[in-house]
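1. here is a sequence with its predicted model. Questions after.
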Amino acid sequence: MDKMSDTMGNWPNAFRTSRLEEADGEGRNPTGNRTMGDIIAARFSRRSFLQGSLAATAIAATVSPLAIATAQDARAENSGSRFDFPEVTAGIDAHHHVAEGYDADILLRWGDKIFADSPDFDPLAQTPEHQARQFGYNNDYVGYIPIDGSSEHGLLVVNHEYTNEHLMFPGVVTVANGEITVSPPDRNRVDIEMAAHGGTVIEIRKENGKWTPVLDGAQNRRITAQTPMALSGPAAGHDRLKTKADPTGRAVLGTINNCAGGVTPWGTYIMAEENIHGYFMGTLPADHPEAANYERMGIPEGTYGWGLFHDRFDLSKEPNEPNRFGWVVEVDVSDPNSVPRKRTALGRFKHEGAQSVVATSGQVVFYLGDDERFDYVYKFVTKGRFDPQDRAANMDLLDEGTLYVARFDEDGTMAWLPLTFGEGPLGPQNGFSSQADVLIETRRAADLLGATPMDRPEDVEPNETNGRVYVMLTNNTKRKPDQVDAANPRAGNAFGHIIEIAEEGEDFAATTGRWEVLLKCGDPSIADVGATFSTQTSANGWFGMPDNCAVDAEGRLWVSTDGNSPKATGRTDGVWAVDTEGDARGTSRLFFRVPVGAEMCGPLMAPDMQTMFVAVQHPGDGGEDWEGFGRPSYYEDLSTRWPDFDDAMPVRPAVVAITRQGGGRIG
């Protein structure tokens, strides 16, 4: 999700032009494991595709026979759909848009108060101390934890993924030849950025149909890149996690680049650390024991320059510090003074998502994506079983269990391969001395097991209603022309696709299953794109770059996107409702769209389905590709001033609460 430039070197030798590019990585998987495209092509190379109209030809490449039947019958628009709302018109402008009959109200913006005594937001007088008591930047994952079972009173938990200096700070940008350059940071700016990372826990209440923050909420909390945390699980205390500041290898400061996340069945908040590579600078000797490990993670990239002022982000001073990031963090929201725990049993990689479900055995299953080209899909199954009557008994479930990585086979079956020390290649013969080594180098362990390289696995969401699992694969722009195949009929796979998994016996803890391609994304009216939306999908309903997703209480799928733009698709990102069953399978409808330059994060449905929360991230980023602006966008010259539209205010990432006018369920 993090749009950081691929071109920057380490501070201070080169400096940032802004985080505008996708941080989907170069694709650091060195193995020859067959890619998902290879497998899909082999599986479906013998299919006879429909001929005829352009739409029918495009849809014919879909995996699902139901979608092919839909294309053949050309049923009336919205026939059989589980969604009923007036579709938003796709496009690009400075505002957000929601389906007619709905309100989309700003709930929390960057800089808003989190506590009753928080300082007012003053963009011209920012300090680290102020930011640590205000809503953070670039809100991403949004979760809701009911208070006393209520759908109208609860805790909102929000990740703050990263920062955009050119949008946050006045006076840091120069413009030359149509490109912006951000000045090297000073200590104050770095510390403000560190305080703007992390997460927010805040009590909210719905009154008279509208949501408001409760600033004197007893559980309100800001978590930052400086918050003390504990490392737990198999890797805790290992020598590779020890530093000068922490010789125990069990205590770490802060969490960074928290992308998607989750809420556990026992009501804790999960934060997933994703693109950690950009925060580290400095060099290691080529023969350093961690050199290959860090290269597999793309470390160091040096995007932020934090190591200029904080030794722990400089490899030459603290060579083990990167091993303390890239984990899943669990926060006990019941106690605002509790120490968050980095649960090492769930592996170390660029975590995207950590949604969970209780299996039939009572074990809890977490689905995880590793957001880089040619990396993998994972799941973690707890050893212990969830006890709904004893919250305390569940609090350390994430310290023991089995981490699996997915292998997708061309006959439509799949296997979950255990990442267990001593099994198969995961032993001393390949440099692993313990389970801690396997988890610290999860990617390399998965390489050795022969996992299937995927096209940027992002959110992975289980559906308790139908027993399926949805995998968002955002894109893979490194796919070469000689890799084009029947299921990915485009060089570069610029628009991504969605995989649907059916676990064996509808048991989420199963180690085998089946898979299908639910959608290949992009404009279905362009034959070369090869998109496979149902023919019921309108010109507004198709999308590219699936990223986050949510399954509501009725089992319906909602998808948010990252990367739709004037240049890529001629539309902004947004939330689309996607049918997954029946005659309408593969049909998509646009429900909400963001202002220019923004990414769509969330979405999240309240338990009663009468509110959808969404997060609008980095609005106003870019601008040169939008004909309505036509130049780079930065603090002093913005393509939009959403959501305040006040010349005295910069653009501000925000969480939006969507409700139906007059009340009622969403969609």
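-> Great, that's in hand.
2. where do the helices sit along this structure?
-> 36-44, 54-59, 65-73, 128-131, 165-168, 187-196, 291-297, 391-394, 435-440, 442-449 (DSSP state H).
3. any weak-confidence spans in this structure?
-> Within the chain, the segments meeting pLDDT under 70 span 1-24, 32-79, 479-480, 482-491.
4. ok, Ala598 - contacts?
-> Residues near Ala598 by CB atoms under 8 Å, 6 or more residues apart in numbering: Thr572, Asp573, Val616, Gln617, His618, Pro619, Gly620, Asp621, Trp642, Pro653. Heads up, the C-betas are built off the backbone N, CA and C, glycines and all.
5. now swap in Arg109 and tell me
-> Residues counted as contacts of Arg109 (CB under 8 Å, 6+ apart) are Phe121, Phe135, Pro643, Asp644, Arg652, Pro653, Ala654.
6. can you pull up the bridge partners for it?
-> On the basis of DSSP bridges, Arg109 is bridged to Ala654.
7. hmm, back to that, and the two most separated of the contacts of Arg109?
-> Phe135 and Asp644 (13.7 Å; CB to CB).
8. neighbour count: the two, which is higher?
-> Using other CB atoms under 10 Å, the more surrounded residue of Phe135 and Asp644 is Phe135, with 27 against 14.
9. I figured the more buried one hits Leu108, correct?
-> Yes: between Phe135 and Leu108 a contact is recorded at 5.0 Å, counting by CB atoms under 8 Å.
10. what sits in contact with each of the two?
-> Counting by CB under 8 Å, 6+ apart, the common neighbours of Phe135 and Leu108 are Val158, Thr200, Ile202.
11. which ones are touching the second one?
-> This means Thr200. Thr200 neighbours (CB under 8 Å, 6+ apart): Leu108, Ile114, Phe135, Gly136, Asn139, Leu156, Val157, Val158, His160, Arg221, Arg222, Ile223.
12. what sits closest to it if chain neighbours are left out?
-> Of all residues not flanking Thr200 in the chain, Val158 sits nearest, at 4.7 Å (CB to CB, 6 or more residues apart in numbering).
13. Asn139 now?
-> Ala615 (4.1 Å).
14. mind listing what the nearest residue to Ala415 once chain neighbours are set aside touches?
-> Closest residue in space to Ala415, ignoring its immediate chain neighbours: Arg407 at 4.9 Å, by CB to CB, 6+ apart. Shown in contact with Arg407 (CB under 8 Å, 6+ apart): Met414, Ala415, Trp416, Leu417, Leu449, Gly450, Ala451, Thr452.
15. of those, closest to Asp396?
-> The closest of those to Asp396 turns out to be Trp416 (CB to CB; 23.2 Å).
16. next one: that closest one from Val469, what distance?
-> Using CB to CB, to the nearest Å, we find Trp416 at a distance of 11 Å from Val469.
17. which residues does the most centrally placed residue in the chain contact?
-> Nearest residue to the geometric centre of the chain (CA atoms, centre = their mean): Ala260, 4.0 Å. Ala260 sits next to 1, 140-141, 159, 272, 274, 351-355, 458-459, 548 when contact means CB under 8 Å, 6+ apart.
18. hmm, back to that, residues in contact with the residue nearest to Thr200?
-> So, once contact is read as CB under 8 Å, 6+ apart, Val158 ends up touching 108, 135-136, 139-143, 199-200, 202, 615, 655.
19. nearest to Asn463 among these?
-> Distances from Asn463 to the contacts of Val158, taken by CB to CB, are shortest for Gly143, at 17.3 Å.
20. the closest one contacts Thr268, correct?
-> No: under the criterion of CB under 8 Å, Gly143 makes no contact with Thr268, lying 10.0 Å away.
21. among the contacts of Val158, which ones are in strands?
-> Among the contacts of Val158, the ones falling in strands (DSSP state E) are Leu108, Asn139, Asp140, Tyr141, Val142, Gly143, Gly199, Thr200, Ile202, Ala615, Val655.
22. any idea how many residues pack against Thr413?
-> Neighbours of Thr413 (other CB under 10 Å): 13.
23. and Asp390, what is it in contact with?
-> Taking CB under 8 Å, 6+ apart as the test, Asp390 contacts no residue whatsoever.
24. please report how far it lies from Phe613.
-> 29 Å.
25. can you get me a residue count around Glu506?
-> With neighbours defined by other CB under 10 Å, the count for Glu506 comes to 14.
26. contact partners for Pro86?
-> For Pro86, the contacting residues are Ala99, Glu100, Gly101, by CB under 8 Å, 6+ apart.
27. distance check, the first one against Arg571.
-> So the one you mean is Ala99. Ala99 sits at a distance of 15 Å from Arg571 (criterion: CB to CB).
28. need the strands for the stretch 201-350 of the chain, in chain order.
-> Taking DSSP state E, counting those that start in this stretch, the strands of the stretch 201-350 of the chain run over residues 210-213, 221-223, 228-232, 251-253, 258-263, 269-273, 328-331, 341-343.
29. listing partners with orientation, what would you give for the second one?
-> Using DSSP bridges, the neighbouring strands of strand 221-223 in the sheet come out as strand 198-207 (antiparallel).
30. just the angle between the partner strand and strand 269-273, please?
-> In terms of direction (axes from the mean of the first three to the mean of the last three CA atoms, to 10 degrees), strand 198-207 departs from strand 269-273 by 140 degrees.
31. which parts of strand 198-207 are buried?
-> Residues Gly198, Gly199, Thr200, Val201, Ile202, Glu203, Ile204, Lys206 are the ones in strand 198-207 that count as buried (16 or more other CB atoms under 10 Å).
32. swap in stretch 442-462?
-> For stretch 442-462, using 16+ other CB under 10 Å, the buried residues are 442-462.
33. do stretch 540-557 as well
-> Neighbour-count burial for stretch 540-557 flags 540-552, 556-557 (criterion: 16+ other CB under 10 Å).
34. and for stretch 402-418?
-> For stretch 402-418, the neighbour count (16+ other CB under 10 Å) marks 402-409, 414-418 as buried.
35. same question for stretch 361-376.
-> Applying 16+ other CB under 10 Å to stretch 361-376 flags 363-376 as buried.
36. now do the contacts for Leu638.
-> For Leu638, the contact set (CB under 8 Å, 6+ apart) comprises Leu167, Gly620, Gly623, Pro650, Val651.
37. ok, the first one touching Pro650?
-> Yes: assessed by CB under 8 Å, Leu167 is found in contact with Pro650 at 6.3 Å.
38. overlap in contacts, the two.
-> Counting by CB under 8 Å, 6+ apart, the residues touching both Leu167 and Pro650 are Tyr635, Leu638.
39. quote the end-to-end distance of stretch 372-388.
-> End-to-end span of stretch 372-388 (CA to CA, to the nearest Å): 36 Å.
40. if you count neighbours, what's buried in that stretch?
-> By 16+ other CB under 10 Å, the buried positions in stretch 372-388 come out as 372-382, 384, 386.
41. could you check how far it is from the centre of its chain?
-> How far stretch 372-388 lies from its chain's middle: 16 Å, per CA atoms, centre = their mean, to the nearest Å.
42. what do you get for stretch 327-339?
-> 20 Å.
43. alpha carbons of that stretch, as CSV, please.
-> Only the C-alpha atoms of stretch 327-339 are listed here, as CSV (Å, rounded to 0.1, in the frame of the first residue of the first chain):
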residue,chain,number,x,y,z
TRP,A,327,6.1,-8.8,12.7
VAL,A,328,2.5,-8.9,13.7
VAL,A,329,1.7,-6.7,16.8
GLU,A,330,-1.1,-7.5,19.3
VAL,A,331,-2.5,-4.7,21.5
ASP,A,332,-4.7,-5.3,24.5
VAL,A,333,-7.1,-2.4,24.1
SER,A,334,-8.7,-3.0,27.5
ASP,A,335,-5.7,-1.4,29.2
PRO,A,336,-4.2,1.8,27.7
ASN,A,337,-1.0,1.1,29.6
SER,A,338,-0.6,-2.4,28.4
VAL,A,339,2.6,-3.3,26.5
